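Visitor: need coordinates for the following:
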Amino acid sequence: MFNFITEAQREQLIAHGRTSRATDDFDPYPVVKLFTPDAGATWLLSELDETGLVAFGLCDLGLGSPELGLVDLHSLAAVRGLMNLPIEQDLHFRPDKRLSAYAREARAAGRIQA
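Guide: Next up, the predicted model:
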């Protein structure tokens, strides 16, 4: 459906979403890192809702204030940078910490540094 996440990642994101809704202290590793190749935006996604359309993760629009929150995948698919390039997946990203640790570091630095 969305060319910036694989089916296996989609399934893992949905599984994380189910676990998150079932427990209060779930802090997963991010599953996928997305970015705009021609702008300063980055998303570390860790969960999807049951519809597979609304993700949760660390969102950095390049404005110096990364936040944890929800993002609509249709909206992400429509995002374009200055050269009209679509969002891409960072194929080299390998999470080495939980989402909360990325969020703490990003807030301190003013941007995602993954």
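Visitor: could you pull out the helices in the chain for me?
Guide: For the chain, the helices defined by DSSP state H occupy 7-22, 73-78, 99-109.
Visitor: per-residue pLDDT, residue 62?
Guide: The model reports residue 62 with a pLDDT of 89.
Visitor: could you measure it against residue 6, distance?
Guide: Distance of residue 62 to residue 6, given as C-beta to C-beta, to the nearest Å: 25 Å. Heads up, the C-betas are built off the backbone N, CA and C, glycines and all.
Visitor: these two: which has the busier surroundings?
Guide: Taking other C-beta atoms under 10 Å, residue 62 and residue 6 do not tie; residue 62 has more neighbours (16 against 13).
Visitor: coming back round to it: out of the helices of the chain, nearest to residue 53?
Guide: Taking C-beta to C-beta, helix 73-78 is the member of the helices of the chain nearest to residue 53, at 5.4 Å.
Visitor: what's that closest one in contact with?
Guide: The contact list for helix 73-78, computed with C-beta atoms under 8 Å, 6 or more residues apart in numbering, reads 1, 2, 4, 34, 43, 48, 52, 53, 54, 55, 86, 87.
Visitor: try it again at 7 Å.
Guide: Applying C-beta atoms under 7 Å, 6 or more residues apart in numbering, the external contacts of helix 73-78 come out as 2, 34, 53, 55, 87.
Visitor: excluding covalently adjacent residues, which one is nearest to the most far-flung residue of the chain relative to its centre?
Guide: Computed with C-alpha atoms, centre = their mean, the residue of the chain farthest from its C-alpha average is residue 83, at 21.8 Å. Spatial nearest neighbour of residue 83, excluding adjacent residues (C-beta to C-beta, 6 or more residues apart in numbering): residue 38 at 4.1 Å.
Visitor: try residue 49
Guide: Excluding the flanking residues, the one nearest residue 49 by C-beta to C-beta, 6+ apart is residue 17, at 5.5 Å.
Visitor: hang on, the earlier thing: dihedrals phi and psi, the residue nearest to residue 83?
Guide: Torsion angles at residue 38 (phi, psi; degrees, to the nearest 10) stand at phi -120, psi 30.
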